[in-house]
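[1] Whatever this is, show me its structure:
(2 chains)
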Amino acid sequence: MRAILQLAGFSALAGTLAGPLAGVASAEELAVSVELPKISVAEYHKPYVAVWIARADHSVAANLAVWYQQEDGPEGKGETWLKDMRQWWRRSGRNLEMPVDGVSGPTRSPGQHLVTFDDEGLLKDLPAGDYVLHVEAAREVGGRELVKIPFAWGSDAPSTQTLSGETELGTVSLTLKP
Amino acid sequence: MKAVRYLLAGAAAIVALAGPAQAHRMWILPSTFTLSGEEQWVTVDGAVSNDLFFPNHVPLRLDNMVVTAPDGVSSPVEGGWTGKFRSAFDVKLDKQGTWKIGEAGASYFARWEEDGEPRRKRGSLADLEADGLIGKPGVEVMQASRRVETFVTLGAPSVDALAPTGQGLELVPVTHPNDVYAEEPAFFRFVLDGEPAVGLEVKISKGQDRYRDDQGLVELVSDENGEVSFTLEEPGRYWLSSSVDGTAELNGMQIKAMNGYVATFEVLAP
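    Numbers count the residues shown, from 1 in each chain, chains lettered A, B, ... in the order given. Got it, this is the predicted structure:
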């Protein structure tokens, strides 16, 4: 079915522009599993986490999730520490009006967290090509870690890639299901 | 012999002018350079010291300290405090973008000969006027102007607060000073009285110099556009300084002017 759709797309566009063909992504689902390790310290705060997809030039193709303290807490406004996810802040966060619908969410407890996306939502307009999944975690009075997983969007083969963080992130896996 | 003595006195005068900018370093240091959220505060120190960034000599006076908001509107510092070694004040950041915090001013230097002896005096323009030295025949007056700045960004960086005034030596961002990352090339442009400062010597030094033997100076020279390019290897807080001779106008006369520029900026981890 997928192949037929691509063929249909090709014949419709043939002779006009080759570019829009790249817009026909063939992956239907992208799943990211993020493990937040249990960290035994006297003062534990749940980490801020950002999950995004970057192009080769580091520009952000899609923000998938930003978990942070959205309510004002005893130590002030939660947005104060968004910048501690420094790579995300540089590449995207500082240009966003927070919260972002469908992206912003509250901080999560230690454990495995699964977030899934299909090509109807946030990834609707993502052209096929090579990207890098970024998962960045920053913890108040703690450390900061960034895990990156390169992947090809629009490939016909299902795939799962898993990497393990060392400090603030546990297992991070990316599953693509065409 | 007299000519030699006069020349030596002249050389000493130049050194005296250059001295404070070199040996004692003026700096303004904010508690944070890059912030997120709707509204934030930073606390800022200002000092003239030997070590970066340890106050150990004299405070930077707050009389001429100005805060420029992202919309370009400037206001004086309120509620500051000046101690033995440093001044301190808080700035409320209630607009998104880049804020400039800076001190600028000028001192004047007169030299003349009296009864065959070289004489000199340094002070404000008012001081020299009070002594009748301004416009007096045989008296050479020079100006030493300075600009000491830092930049703080809430949200995304912006450039309106950094618009050059066209007076003295100024930094024009090519790379935004709150957007400098270790291991990545950065570019700053300098203008003198609004024109590209060509061949300008610029020095950059990392803070925390108390904990190393080497000054760690990065020495740069600007190109035909007044631009310097550099790549700093380590994240941290850095001090940039430069000075150049030029001219200034005083009562319709062109006088020699030494223009100094100093900025504190942060190099972020990539």
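[2] what's the spacing between residue A:151 and residue A:39?
    As for residue A:151, its distance to residue A:39 is 28 Å (criterion: C-beta to C-beta, to the nearest Å). Every residue, glycine included, has its C-beta placed from N, CA and C.
[3] Name every strand pairing with the strand of greatest length in chain B and say which way it goes.
    Secondary structure of chain B read by DSSP state E shows that its longest strand is strand B:97-114. Strand B:97-114 has these partner strands in its sheet, going by DSSP bridges: strand B:65-68 (antiparallel), strand B:117-123 (antiparallel), strand B:140-154 (antiparallel).
[4] how about CSV for those strands, with mean pLDDT and distance to residue A:133 added?
    CSV is the format used below for these (pLDDT from 0 to 100; distance: least, C-beta to C-beta, whole Å):
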stretch, mean pLDDT, distance to residue A:133
strand B:65-68, 98, 40
strand B:117-123, 93, 62
strand B:140-154, 96, 28
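[5] Show me what the helix or strand containing residue B:41 is packed against.
    When secondary structure is defined using DSSP states H and E, the element that contains residue B:41 is strand B:40-49. Here strand B:40-49 is seen to pack against strand B:25-30, strand B:58-59, strand B:87-93, strand B:140-154 when contacts are counted using 3 or more C-beta pairs under 8 Å, 6 or more residues apart in numbering or on different chains; DSSP states H and E.
[6] related to what we said a few turns ago, can I get the longest strand of chain B in CSV, CA atoms only?
    Listed next in CSV are the C-alpha coordinates belonging to strand B:97-114 (Å, rounded to 0.1, in the frame of the first residue of the first chain):
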residue,chain,number,x,y,z
GLY,B,97,15.4,40.0,24.3
THR,B,98,18.8,41.4,25.0
TRP,B,99,19.6,44.0,27.6
LYS,B,100,22.8,46.1,27.6
ILE,B,101,24.3,47.1,30.9
GLY,B,102,27.1,49.6,30.4
GLU,B,103,29.2,52.4,31.8
ALA,B,104,30.7,55.1,29.6
GLY,B,105,32.6,58.3,30.3
ALA,B,106,35.6,60.3,29.6
SER,B,107,38.5,61.8,31.5
TYR,B,108,40.7,64.6,30.2
PHE,B,109,44.4,65.2,30.3
ALA,B,110,46.2,68.5,29.9
ARG,B,111,49.9,69.0,29.4
TRP,B,112,51.9,72.2,29.1
GLU,B,113,55.2,73.8,29.9
GLU,B,114,55.6,76.2,32.7
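[7] That one versus strand B:87-93: what angle between them?
    150 degrees (axes from the mean of the first three to the mean of the last three C-alpha atoms, to 10 degrees).
[8] follow-up on the earlier one: need the helices and strands packed on strand B:40-49 in CSV (columns: distance to residue B:262).
    Output for these, formatted as CSV (distance: least, C-beta to C-beta, whole Å):
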stretch, distance to residue B:262
strand B:25-30, 5
strand B:58-59, 15
strand B:87-93, 15
strand B:140-154, 5
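[9] quick one: the helices in the chain?
    By default, I'm working from chain A. For chain A, the helices identified by DSSP state H occupy A:2-13, A:86-91, in order along the chain.
[10] try chain B instead
    With DSSP H applied, chain B shows helices at B:2-22, B:125-130, listed in chain order.
[11] Just the buried residues of the shortest one, please?
    Of the residues in helix B:125-130, those buried under the neighbour-count criterion (16 or more other C-beta atoms under 10 Å in any protein chain shown) are residue B:128.
[12] just to revisit the earlier point, between the helices of chain B, which gets the lowest average pLDDT?
    Set side by side, these differ in mean pLDDT, and helix B:2-22 is lowest with a mean of 41.
[13] The closest residue to residue A:55 other than its chain neighbours: what's it in contact with?
    Taking C-beta to C-beta, 6 or more residues apart in numbering or on different chains as the measure, residue A:55 lies nearest to residue A:61, with 5.3 Å between them; neighbours along the chain are not counted. Applying C-beta atoms under 8 Å, 6 or more residues apart in numbering or on different chains to residue A:61 gives the contacts A:52, A:53, A:54, A:55, A:126, A:131.
[14] about what we covered before: more neighbours, residue A:151 and residue A:39?
    residue A:151 (17 against 14; other C-beta atoms under 10 Å in any protein chain shown).
[15] Report the contact partners of residue A:93.
    By C-beta under 8 Å, 6+ apart, the neighbours of residue A:93 are A:50, A:66, A:82, A:83, A:85, B:36.
[16] ok, of the residues you listed, which one's closest to residue B:140?
    For residue B:140, the closest of the contacts of residue A:93 turns out to be residue A:83, at 51.4 Å, with distances computed as C-beta to C-beta.
[17] Quick check: the closest one touching residue A:89?
    Yes. Between residue A:83 and residue A:89 there is a contact at 4.5 Å, judged by C-beta atoms under 8 Å.
[18] so where's chain A uncertain?
    A:1-27, A:73-76 (pLDDT under 70).
[19] Within range of chain A, give me the residues from chain B.
    With the criterion set to C-beta under 8 Å from any C-beta of the partner chain, chain B comes near chain A through B:34-38, B:40, B:155-157, B:179, B:181, B:268-270.
[20] still on that earlier bit, now tabulate the helices and strands packed on strand B:40-49 in TSV and tack on distance to residue A:101 and mean neighbour count.
    TSV is the format used below for the helices and strands packed on strand B:40-49 (distance: least, C-beta to C-beta, whole Å; neighbours: other C-beta atoms under 10 Å in any protein chain shown):
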stretch	distance to residue A:101	mean neighbour count
strand B:25-30	34	23
strand B:58-59	49	18
strand B:87-93	26	19
strand B:140-154	23	23
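[21] Residue B:115 is nearest to which of those strands?
    Evaluated over these, closeness to residue B:115 peaks at strand B:140-154, with 17.2 Å, by C-beta to C-beta.
[22] what bridges to the nearest residue to residue A:149 once chain neighbours are set aside?
    Using C-beta to C-beta, 6+ apart and skipping the chain neighbours, the partner closest in space to residue A:149 is residue A:133 (4.4 Å). In this entry, residue A:133 is beta-bridged to residue A:53, residue A:149, by DSSP bridges.
[23] neighbours around residue A:133, how many?
    Here the count is done by other C-beta under 10 Å, and residue A:133 has 23 residues near it.
[24] need the contact list for it.
    If a contact means C-beta under 8 Å, 6+ apart, then residue A:133 has A:32, A:51, A:52, A:53, A:148, A:149, A:150, A:151, A:174 as its contacts.
[25] Tell me if I'm right that the second one and residue A:85 touch.
    No. Counting by C-beta under 8 Å, residue A:85 is not a contact partner of residue A:51; they are 10.2 Å apart.
[26] Contact residues of chain A facing chain B?
    A:77, A:79-83, A:86-87, A:89-90, A:93-95.
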